[in-house]
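Student: generate a structure from the sequence data that follows.
(one chain, ligands or ions: 1)
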Amino acid sequence: MDSELLREQGHIMVDFIADYYKNLQDSPQDFPVLSQVQPGYLRDMLPDSAPDQPESLKELLDDVSKKIMPGITHWQSPSYFAYYASSTSVAGFLGEMLNAGLSVVGFTWLTSPAATELEIIVLDWLAKLLQLPEQFLSTGNGGGVIQGTGCEAVLVVVLAARDRILKKVGKTLLPRLVVYASDQTHSSFRKACLIGGIHEENIRLLKTDSSTNYGMPPESLEEAISHDLDKGFIPFFICATVGTTSSAAVDPLVPLGKIAKKYGIWMHVDAAYAGNACICPEYRKFIDGIENADSFNMNAHKWLFANQTCSPLWVKDRYSLIDALKTNPEYLEFKVSKKDAVVNYKDWQISLSRRFRSLKLWMVLRLYGSENLRNFIRDHVNLAKHFEDYVAQDPHFEVVTTRYFSLVCFRLVPVDGDEDKCNERNRELLAAVNSTGKIFISHTALSGKFILRFAVGAPLTEEKHVTEAWQIIQKHSSKFTRNGHY
Ligand code: PLP
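Tutor: Numbering: from 1, shown residues only. Below is the predicted model:
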């Protein structure tokens, strides 16, 4: 690592990336939002093996422009409206840069005390912004840890809860353990349960529908629990979601939490996307009831401008996590004066190695301040509302679910009640607008209906991009809507 070479080439790289962001805005025609390449496109463009001799950075960046960029789907484009955003910021980028530069591996306190201690402090800060109950703070038995992703977060808490209950009832009863979530819960929950040895047939995904805007009905949960208890099963885990992947639905935490408490069940709250909005007082109500949850997760890389990846998880009882995940090989042992005061984050996660992710979260919180972060989120919600108004004013379209955050679920309406044809048309419309390369929207299915999703969250998006997106959607829908007939 030659520091002068780093200085020289680092400047070139920063210029390259800064130009990328500028060009995304100034020359959108050069950056189809959804990559238009075909599978395997890159194989023919690159040599079969790595070079024997060094090449120049210039040659490499030329290849990035000519060969890599065509295969990039531009998540940072202002006209990106698919899935959920992967929000970046200058502060998040600089944090990643510093992290890459220091490249420490803070698996125990000793291996970089600052990496561990900053993570504890920053997650306490963020917990306070979210007004999480005090039990989630590091000052009690709880605390936060930055997981790589939401999938890792749900896995570690399923393992913690599983071991907690097995300690009580005995390991042989693993096949009797049952878990609950709604049919809208992210697929990572099922995966986590299967990795945790929970039998597939013991994963209860409770049915939702439009009557609760796709939130989990608490009555179904209680009914399922008592039915399972009658049959000798052991309910031990509920995964509630605030902001589901499909439609940003919200499970009602207050009644769900009461049920969890009544039956002594671990409740995890997956707020991967919408949890970020809960730093705003007006959205905090969506996590009312969190006091009865055992763990809470959100993805700061989705909507808190923290660049990929950064998934804070808080638990009320850190010892459950540590009991399930700790390892003590001799080569990691160390002596420290206040041993009990030391956190070893290797025991809060699956892997040993870990990145110094709290640096970028710290930088995002400090360089913007929470008031600006709240306003960025509010701007996105207002843009989504703007799009929703367009949809609502066009009789050929309908808004399908009640919008709480920055995701609008909508579709072309059926004609003469023909839902099959309607699904087909919406599918065609999606393909048509995405093939323009001018915008990227995604889809889902709700109650058998093919639904279009318009998710605002890319940091460069402005009102003009939303308006342009709507015009593109309208233009491509005209072939289906002429004279009101399909
Ligand atoms: N939970 C919800 C509600 C999500 O929407 C997502 C991803 O979109 C996840 C979990 C998974 O998050 P990650 O991709 O960080 O694993």
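
Student: flag every residue of the chain that's near the ligand.
Tutor: The chain comes close to the ligand at residues 84, 149-151, 186, 188, 241, 243-245, 270, 272-273, 299, 311, as judged by C-beta under 6 Å from any ligand atom. For every residue, glycine as well, the C-beta is placed using N, CA and C.

Student: which of those residues fall within helices?
Tutor: In helices, defined here by DSSP state H, the members of those are 150-151, 188.

Student: may I ask which of these has the most neighbours?
Tutor: Among those, the one with the most neighbours (other C-beta atoms under 10 Å) is G150, at 25 neighbours.

Student: that residue and L110, how far apart?
Tutor: The spacing between G150 and L110, counted by C-beta to C-beta, to the nearest Å, is 29 Å.

Student: likewise for P312?
Tutor: P312 is 23 Å from L110, by C-beta to C-beta.

Student: quick one, which of the two is more surrounded?
Tutor: P312 (26 against 15).

Student: what bridges to that one?
Tutor: Counting by DSSP bridges, P312 is bridged to I146.

Student: pretty sure it sits against I146.
Tutor: Yes - using C-beta atoms under 8 Å, P312 makes contact with I146 at a distance of 5.4 Å.

Student: what sits in contact with each of the two?
Tutor: Each of 123, 361 lies in contact with both P312 and I146 under the rule C-beta atoms under 8 Å, 6 or more residues apart in numbering.

Student: state the distance from G289 to G275.
Tutor: From G289 across to G275, the span is 14 Å (C-beta to C-beta).

Student: show me which of those two is the more surrounded one.
Tutor: Neighbour tally, G289 and G275, criterion other C-beta under 10 Å: the higher count belongs to G275, 29 against 21.

Student: contact partners for the residue lying closest to the more buried one once chain neighbours are set aside?
Tutor: Once flanking residues are discounted, G275 sits nearest to M298: 2.9 Å by C-beta to C-beta, 6 or more residues apart in numbering. Counting by C-beta under 8 Å, 6+ apart, M298 makes contact with 130, 271-276, 278, 304, 311-312.

Student: for M298, give me phi and psi.
Tutor: phi -140, psi 150 (degrees, to the nearest 10).

Student: got it, and A100?
Tutor: phi -60, psi -40.

Student: equivalent analysis for F296, please.
Tutor: According to degrees, to the nearest 10, F296 has phi -150, psi 130.

Student: ok, it touching M267?
Tutor: No - proximity of F296 to M267 does not meet the contact threshold set by C-beta under 8 Å, at 9.5 Å.

Student: more neighbours, the two?
Tutor: Of the pair F296 and M267, F296 is the one with more neighbours under other C-beta under 10 Å, namely 31 against 26.

Student: L352 touches N344, doesn't it?
Tutor: No - counting by C-beta under 8 Å, L352 stays clear of N344, with 10.2 Å between them.

Student: common neighbours of those two, please.
Tutor: F107.

Student: neighbour count: the two, which is higher?
Tutor: Each of L352 and N344 has its neighbours counted (other C-beta under 10 Å); N344 has more, 19 against 14.

Student: ok, the more buried one - contacts?
Tutor: 107-109, 116, 326, 332.

Student: where in the stretch 151-300 of the chain is pLDDT low?
Tutor: The stretch 151-300 of the chain contains no residues with pLDDT under 70.

Student: mind listing the strands for it?
Tutor: For the stretch 151-300 of the chain, the strands defined by DSSP state E, counting those that start in this stretch occupy 177-182, 203-206, 234-241, 266-270, 295-297.

Student: ranges for the strands of the stretch 301-450 of the chain?
Tutor: 311-315, 397-399, 407-412, 440-446, 449-455.

Student: for the stretch 1-150 of the chain, that is, sorry about that
Tutor: Under DSSP E, counting those that start in this stretch, the stretch 1-150 of the chain gives strands at 80-81, 143-147.

Student: before we move on, the earlier item: okay, the strands of the stretch 301-450 of the chain in JSON lines with distance to L57 and mean pLDDT next?
Tutor: Formatted as JSON lines, the strands of the stretch 301-450 of the chain follow (distance: least, C-beta to C-beta, whole Å; pLDDT from 0 to 100):
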{"stretch": "strand 311-315", "distance to L57": "32", "mean pLDDT": "98"}
{"stretch": "strand 397-399", "distance to L57": "48", "mean pLDDT": "98"}
{"stretch": "strand 407-412", "distance to L57": "40", "mean pLDDT": "98"}
{"stretch": "strand 440-446", "distance to L57": "30", "mean pLDDT": "98"}
{"stretch": "strand 449-455", "distance to L57": "35", "mean pLDDT": "98"}
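
Student: reformat those strands as JSON lines; add distance to E4.
Tutor: Output for the strands of the stretch 301-450 of the chain, formatted as JSON lines (distance: least, C-beta to C-beta, whole Å):
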{"stretch": "strand 311-315", "distance to E4": "36"}
{"stretch": "strand 397-399", "distance to E4": "57"}
{"stretch": "strand 407-412", "distance to E4": "47"}
{"stretch": "strand 440-446", "distance to E4": "41"}
{"stretch": "strand 449-455", "distance to E4": "44"}
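
Student: do a quick rundown of the helices in the stretch 351-486 of the chain.
Tutor: 358-368, 370-393, 419-435, 463-481 (DSSP state H, counting those that start in this stretch).

Student: just name the most buried of the ones you listed.
Tutor: When the helices of the stretch 351-486 of the chain are scored by mean count of other C-beta atoms under 10 Å, the highest mean neighbour count falls to helix 358-368 (a mean of 22).

Student: contacts for that one?
Tutor: Helix 358-368 has contacts (C-beta under 8 Å, 6+ apart) with 89-92, 94-96, 98-99, 102, 115, 118-119, 121-123, 125-126, 146, 300, 304-307, 310, 312, 373, 376.

Student: can you say which of those are buried?
Tutor: For the contacts of helix 358-368, a neighbour count by 16 or more other C-beta atoms under 10 Å gives the buried set as 89, 91-92, 94-96, 99, 115, 118-119, 122-123, 125-126, 146, 300, 304-307, 310, 312, 373, 376.

Student: could you identify which of the contacts of M298 has the most neighbours?
Tutor: N276 (31 neighbours).

Student: pretty sure it contacts K302?
Tutor: Yes - using C-beta under 8 Å, N276 makes contact with K302 at a distance of 6.4 Å.

Student: buried subset of the contacts of N344?
Tutor: 107-109, 116.
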